[in-house]
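Peer 1: I would like to see how this sequence folds:
(one chain, ligands or ions: 1)
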Amino acid sequence: MSADLSPIDTAKFVAAKRASAFIESGMKVGLGTGSTAAWLVQCLGERVRNEGLSIKGVPTSSRTAELARNVGIDVISLDEARWLDITIDGADEFDGELNLIKGGGGALLQEKIVATASDRMVVIADPSKHVQTLGAFPLPVEVIPFGWQTTKALLEETITALDVLGDQITLRMNGDRAYVTDEGNHILDLHLKHIGNARQLALVLNQIPGVVENGLFIDICDIVVVGHGDGRVEIQ
Ligand code: 5RP
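Peer 2: Residues are numbered from 1 along each chain as shown. A predicted model of the protein is given here:
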């Protein structure tokens, strides 16, 4: 580890390093997306190169696939793997029941499919991701481009009926164009502030035509490894 990492990068790195110790040769491993997951991929790549660790990695985005290949991890598709021993990924928020908001990096769809196809999902995070109640981080919802404004209006109606509406729903942008996910979809970010019943919301959102998936991960995560800026690590 470089000595000049900022406290936040130290926190992400030590969480990733600890979680990388869960991985043994022969495992099929889901590889998350984002800056914390990138540390994990680097740590695993180091073990592949230095210790001869032999794993198959299933990336959750094109970015992670490229990084994994660059660090020497043998990358396969989920269809080749079918089922995984473990997935390790970051999160935008986690609560006391280990429910999550994910998708800040735009990869929630592949992330949810891969995590759900794993015996265990481990989240790696810095302490800022721990919340009492989910929702301060805007909830990403992946929608198909066709008729997305209609889908947005339906989302507004639905969350108003559930009494969880914050101030707005925004189309995620990439410069002056709509952000496009690896699956060719758009992302609507729901600024809710406080999600009282995350389980209900997760189910209801996916009933809306045009919605592909939402960033609430309910009962999917098994363990959260929290790294701190001073190098300490706790497991929740
Ligand atoms: C990507 C994600 C990321 O895991 C989440 O955004 C956390 O990212 P980071 O580790 O960079 O804070 O869900 O879709």
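Peer 1: State the next helix or strand along the chain beyond the longest strand along the chain.
Peer 2: What stands out as the longest strand in the chain, according to DSSP state E, is strand 118-125. Proceeding N to C from strand 118-125, the next assigned helix or strand is strand 139-143, under DSSP states H and E.
Peer 1: By residue count, which helix of this structure is the longest?
Peer 2: As assigned by DSSP state H, the longest helix anywhere in the chain is helix 35-51.
Peer 1: just the angle between that helix and strand 118-125, please?
Peer 2: Between helix 35-51 and strand 118-125, the angle comes out at 110 degrees (axes from the mean of the first three to the mean of the last three C-alpha atoms, to 10 degrees).
Peer 1: Could I get the buried residue list for helix 35-51?
Peer 2: Across helix 35-51, burial judged by 16 or more other C-beta atoms under 10 Å covers Thr36, Ala37, Ala38, Trp39, Leu40, Val41, Gln42, Cys43, Leu44, Gly45, Arg47, Val48. For glycine as for every other residue, the C-beta is placed from the backbone atoms N, C-alpha and C.
Peer 1: Filtering these by proximity to the ligand, which remain?
Peer 2: Residues of those in contact with the ligand (C-beta under 6 Å from any ligand atom): Thr36, Ala37.
Peer 1: With pLDDT added, can I get the buried residues of helix 35-51 in JSON lines?
Peer 2: Converted to JSON lines, the buried residues of helix 35-51 look like this (pLDDT from 0 to 100):
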{"residue": "Thr36", "pLDDT": "98"}
{"residue": "Ala37", "pLDDT": "98"}
{"residue": "Ala38", "pLDDT": "98"}
{"residue": "Trp39", "pLDDT": "98"}
{"residue": "Leu40", "pLDDT": "98"}
{"residue": "Val41", "pLDDT": "98"}
{"residue": "Gln42", "pLDDT": "98"}
{"residue": "Cys43", "pLDDT": "98"}
{"residue": "Leu44", "pLDDT": "98"}
{"residue": "Gly45", "pLDDT": "98"}
{"residue": "Arg47", "pLDDT": "98"}
{"residue": "Val48", "pLDDT": "98"}
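Peer 1: picking that back up, could you check whether the helix or strand following the longest helix of the chain is close to the ligand?
Peer 2: Once the chain leaves helix 35-51, the next helix or strand it forms, by DSSP H and E, is strand 56-59. No - figure legend: strand 56-59 not in contact with the ligand (C-beta under 6 Å from any ligand atom); closest approach 11.9 Å.
Peer 1: Give the partner strands of strand 56-59 in its sheet and their orientations.
Peer 2: The strands beside strand 56-59 in its sheet (DSSP bridges) come out as strand 28-31 (parallel), strand 74-75 (parallel).
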